[in-house]
Structure formats: C-alpha cells, structure tokens
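Participant: I'd like to go over a predicted model; first the sequence, then the structure.
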Amino acid sequence: MRLDQAFVVYRKEMVDLLRDRRTIFGTLIFPLILFPLMTVGFGSLVEKSAKNVRKEVTGVMLLGEEHAPQLAQVLRNAEGLRIVPPAPDYVQQISSKKLRAAVELPTGFEAALTDGSGDPPQVKIYYYSTEMRSESAVSRLEEILRNYRNSVVENRLGARGLSPAVLKPVVAERQNVAATEKVGGMKLASMIPYFITILCLTGALHPAIDLTAGEKERGTLETILASSISRGELVLGKFLMILTASLTTTILAIFSFSLTVIFAKSYLDELTQGHPFSISLQSAACVLLLALPLAVFFSGALMAMSLRAKSYREAQGQIGPLMIVVILPAVVGMLPGVELNARLAVIPILNVSLVAREILTGNYPWGMIGLVFASSCAYAALALSAAANMFQREEVLFRA
C-alpha cells in the first residue's frame with residue numbers, strides 16, 4: 001500500500017468536504033457553541049425564569065378561614081401571596097391555572113390547637129402537580145405553615161417552662177470527606193461523556209455517508225475505482241478523512257467545555273450547587289485518548305453501513321437506528337449507581353462513558369483505563385476491517 005496515494009485521496013476528500021457548509025457547521029461551529037449554549041444560554045434562561053416566578057404575587061384561596069382566623073391572618077400578611085375570595089369551583093380554577101393553590105382549614109382548628117391532646121388538625125393544600133407556579137405556591141405555603149407550627153410548639157413549651165431544644169435530644173451533622181472539586185465534578189461528569197460520545201458519532205456521520213453512498217449516487221465512485229489507486233489506499237484515504245472529522249468535532253467539544261469551565265464559572269457553580277469544578281490538562285488528554293478508538297469505531301462502522309446503501313437518503317435511513325444503539329449505553333453511563341467494573345469495561349460506548357466520568361472527577365483507575373482502551377481498540381479494529389471488506393465486494397460497490 002502506498003501511503004502517498006492514500007494521502008492524495010484524503011486531501012481530495014478534505015477539499016470537497018470543506019466546501020460543504022453543513023460539514024463546516026457540524027464539525028467546526030456546533031461543537032464550539034454547544035457547551036456555552038448549555039451553560040450560559042440555557043442556565044441564564046432557567047435562572048431568569050425561576051426568578052420571575054419567585055417574584056410573582058401568587059393567587060391563593062382560603063377555604064374555611066373562619067375556623068382558623070389567626071393562621072388566616074398570617075397567610076394574608078405573607079409576602080408574595082394574594083388571598084382571593086373563596087369559591088366552590090376552586091379545583092376547576094386550579095386546573096385552568098387561573099388559581100395557583102387553595103388552602104382548606106378544617107373545622108375546629110383553633111379548638112384542636114388549644115386543646116393539644118387529640119390528633120393535630122390537618123390542613124389541605126390543593127395544587128396543580130408539575131405546574132411550576134402552582135408548585136412554587138405550595139412551597140411558600142408549606143414554609144409559612146411550618147413556621148406557624150414551630151411557633152405554636154415553642155409557645156406550648158414555653159408555657160411549661162421547657163426549651164425548644166428538648167425536641168432535639170440528638171443532633172446529626174453531615175461531614176463530607178470527598179474533595180470539593182470531586183463533588184462538583186460528579187454533577188457534571190456524568191453529562192459531559194454523553195455529549196462527547198454523541199458528537200464523536202455525529203462528527204463522522206455526514207462525511208461517512210457523503211464519501212460512500214453519496215459518491216455512489218453521484219456516480220463518482222466508479223471513476224475513482226478506475227484510477228491507479230488501489231482499493232486499500234482508497235479505503236485508508238476515505239477512512240482518515242472521516243476519522244479527522246470525528247476527532248475534530250470531539251477535540252473542539254472538549255476545548256469548548258474547558259473554556260466554559262474557565263469563563264462561565266458562576267453558571268457552573270449554580271449547576272454544581274456551589275461546589276467548584278475544574279478540568280485539568282491531564283483529564284482532557286486522557287478523555288481525548290479514550291475517544292480516539294471510539295472515533296475509529298464510529299468511522300469504520302459508518303463507512304461499512306453507508307457503503308451498502310444505494311443513495312444518500314437510503315444511508316440515512318439505515319444509520320438512523322444506529323443512533324439509538326449509541327444513545328442507550330451513553331445514557332446508561334449517566335445513571336446514578338452505575339459504576340465502572342471489569343464487566344462493564346468491555347461493553348462498547350458504555351465503557352468510555354463510565355471511565356471518562358471517573359477521569360473528569362479526578363479519579364484515574366489505570367487498570368480499568370487500560371482495559372477500556374484495549375477493548376475499544378479491538379472494536380475499532382473490527383469496524384475498520386468491516387469497512388475494508390466492504391470495499392472489496394463488487395456487489396456492494398456497484399449496487400444500483
């Protein structure tokens with residue numbers, strides 16, 4: 001095999017793909033803007049929306065106000081609540097989102113509090129589950145009722161000459177032994193490998209289809225096969241072009257994420273609940289090294305699958321189910337409780353997600369990293385071998 005001839009194919013495919021605006025956007029632009037959009041863009045929208053909801057005056061209906069005039073007055077004086085007159089259709093108003101919540105004060109509320117010997121009175125809160133403003137109103141009401149309950153308890157204890165501390169004979173205090181950086185890293189490290197895996201696949205997707213099924217549809221593949229370049233050199237040149245696109249997308253994604261960690265620290269702190277998070281050069285390099293055989297695997301598999309199609313559209317239809325196959329193990333890697341072990345280290349895609357999560361949290365299980373890298377290289381070799389085999393089959397190359 002002549003490497004210079006394979007490079008000729010590679011250079012020709014590179015020039016052709018760089019003329020395609022879809023390739024430029026999907027390979028160069030989208031990976032750079034993905035993480036800033038996810039953190040700064042989406043994070044600011046969520047923060048702004050939540051602040052607006054918290055600032056809104058919420059309409060709440062009191063039912064049975066005459067049974068608990070003292071508590072009703074506390075609710076009327078509460079900031080952020082607007083008490084509306086009672087109506088029998090309060091359930092319908094909440095369902096139609098004209099009313100956010102309703103509080104029902106039971107009969108004999110004041111007498112039960114004064115007596116204090118029987119069952120405590122039960123206050124019912126009616127709301128619309130999953131509706132953000134309704135659930136926000138419930139949170140405010142529960143906080144008010146909790147404070148009111150505590151004040152009643154303190155008054156009862158004070159009347160008997162007891163301290164409120166008598167209710168807490170034992171106090172449990174949490175002490176976190178994990179490094180602060182690792183706590184912050186765990187909250188993000190489960191998501192980052194997922195996006196890197198998906199971008200590694202999508203970076204190779206369009207070039208793989210265009211350089212195989214696309215050329216068959218345009219009728220240019222026969223011309224290349226008629227040249228002096230051997231099929232092995234043709235496979236290598238096209239494969240290197242697809243691999244370049246996949247790795248470029250992955251590298252730019254990691255670079256974008258690193259810059260986001262540096263320049264959007266305030267937004268990331270909110271996502272990690274105040275725990276700092278950083279990504280070291282060593283972590284980025286290890287993740288990129290593990291992404292290399294994964295990119296080879298995706299490039300070879302996409303080449304082999306696309307070459308079987310007669311047209312660009314048919315190749316897209318055939319590769320569609322592959323996205324599900326890739327997404328499922330990547331999503332499993334995000335689930336809590338799923339930890340890297342020797343059995344999971346040989347499952348393609350999932351192994352890279354799990355070991356990347358460990359690396360991004362500052363853990364370097366070198367034995368597992370080696371096992372994941374070796375198994376990924378084996379799958380990559382099988383995929384590349386399948387692609388090379390497809391280029392040797394006349395019924396596949398000239399399928400019309």
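Facilitator: That came through fine.

Participant: Show me what the helix of greatest length in the chain is packed up against.
Facilitator: When the chain is scanned for its longest helix (criterion: DSSP state H), the result is helix 231-263. Counting contacts by 3 or more Cβ pairs under 8 Å, 6 or more residues apart in numbering; DSSP states H and E, helix 231-263 packs against helix 3-18, helix 30-36, helix 192-209, helix 221-225, helix 281-307, helix 366-390. Bear in mind the C-beta positions are built from the backbone N, C-alpha and C, glycine included.

Participant: show me the contacts for Ser134.
Facilitator: Ser134 makes contacts with Ile94, Lys97, Arg100, Ala101, Tyr127, Tyr128, as judged by Cβ atoms under 8 Å, 6 or more residues apart in numbering.

Participant: Then Val153?
Facilitator: Pro164, Leu167.

Participant: any weak-confidence spans in the chain?
Facilitator: Low-confidence segments of the chain (pLDDT under 70): 1, 39-47, 49-50, 53-54, 116-117, 177-188, 264-279, 399-400.

Participant: what's the longest strand in it?
Facilitator: In the chain, with assignment by DSSP state E, the single longest strand is strand 58-63.

Participant: Pull the distance from the helix or strand that that one is followed by to the chain's centre.
Facilitator: Downstream of strand 58-63, the next assigned helix or strand under DSSP states H and E is helix 69-77. The chain centroid and the centroid of helix 69-77 are separated by 43 Å under Cα atoms, centre = their mean, to the nearest Å.

Participant: Pull out the buried positions in the helix or strand following helix 69-77.
Facilitator: Tracing the chain past helix 69-77, the next element assigned as helix or strand by DSSP H and E is strand 81-84. With burial defined by 16 or more other Cβ atoms under 10 Å, the residues of strand 81-84 counted as buried are Leu81, Ile83, Val84.

Participant: which other residues reach strand 81-84?
Facilitator: Outside strand 81-84, the residues within contact range by Cβ under 8 Å, 6+ apart are Val57, Thr58, Gly59, Val60, Met61, Leu62, Leu75, Arg76, Leu99, Ala137, Arg140, Leu141.

Participant: neighbouring strands for it, and are they parallel or not?
Facilitator: With DSSP bridges as the test, strand 81-84 is paired with strand 58-63 (parallel).

Participant: which residue packs closest to the residue most central in space within the chain, ignoring adjacent ones?
Facilitator: In the chain, the residue lying closest to the centroid (Cα atoms, centre = their mean) is Met191, at 4.5 Å. With sequence-adjacent residues excluded and distances taken as Cβ to Cβ, 6 or more residues apart in numbering, Met191 is closest to Met334, at 6.4 Å.

Participant: Which of the three states applies to that neighbour?
Facilitator: Following DSSP: H, G, I helix; E, B strand; the rest coil, the label given to Met334 is coil.

Participant: so it touches Ser353, yeah?
Facilitator: Yes - between Met334 and Ser353 there is a contact under Cβ atoms under 8 Å: 7.4 Å.

Participant: who's more crowded, those two?
Facilitator: For Met334 versus Ser353, neighbours defined as other Cβ atoms under 10 Å are more numerous around Ser353 (28 against 16).

Participant: Ala330 is in contact with that one, correct?
Facilitator: Yes - counting by Cβ under 8 Å, Ala330 is a contact partner of Ser353 at 5.4 Å.

Participant: got any residues that touch both of the two?
Facilitator: Common neighbours of Ser353 and Ala330 (Cβ under 8 Å, 6+ apart) are Pro193, Tyr194, Thr197.

Participant: among these, which ones are buried?
Facilitator: Neighbour-count burial (16+ other Cβ under 10 Å) is assigned, among the shared contacts of Ser353 and Ala330, to Pro193, Tyr194, Thr197.

Participant: Now that we have these, can you turn them into JSON lines and tack on distance to Thr260?
Facilitator: Output for those, formatted as JSON lines (distance: Cβ to Cβ, whole Å):
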{"residue": "Pro193", "distance to Thr260": "16"}
{"residue": "Tyr194", "distance to Thr260": "16"}
{"residue": "Thr197", "distance to Thr260": "18"}
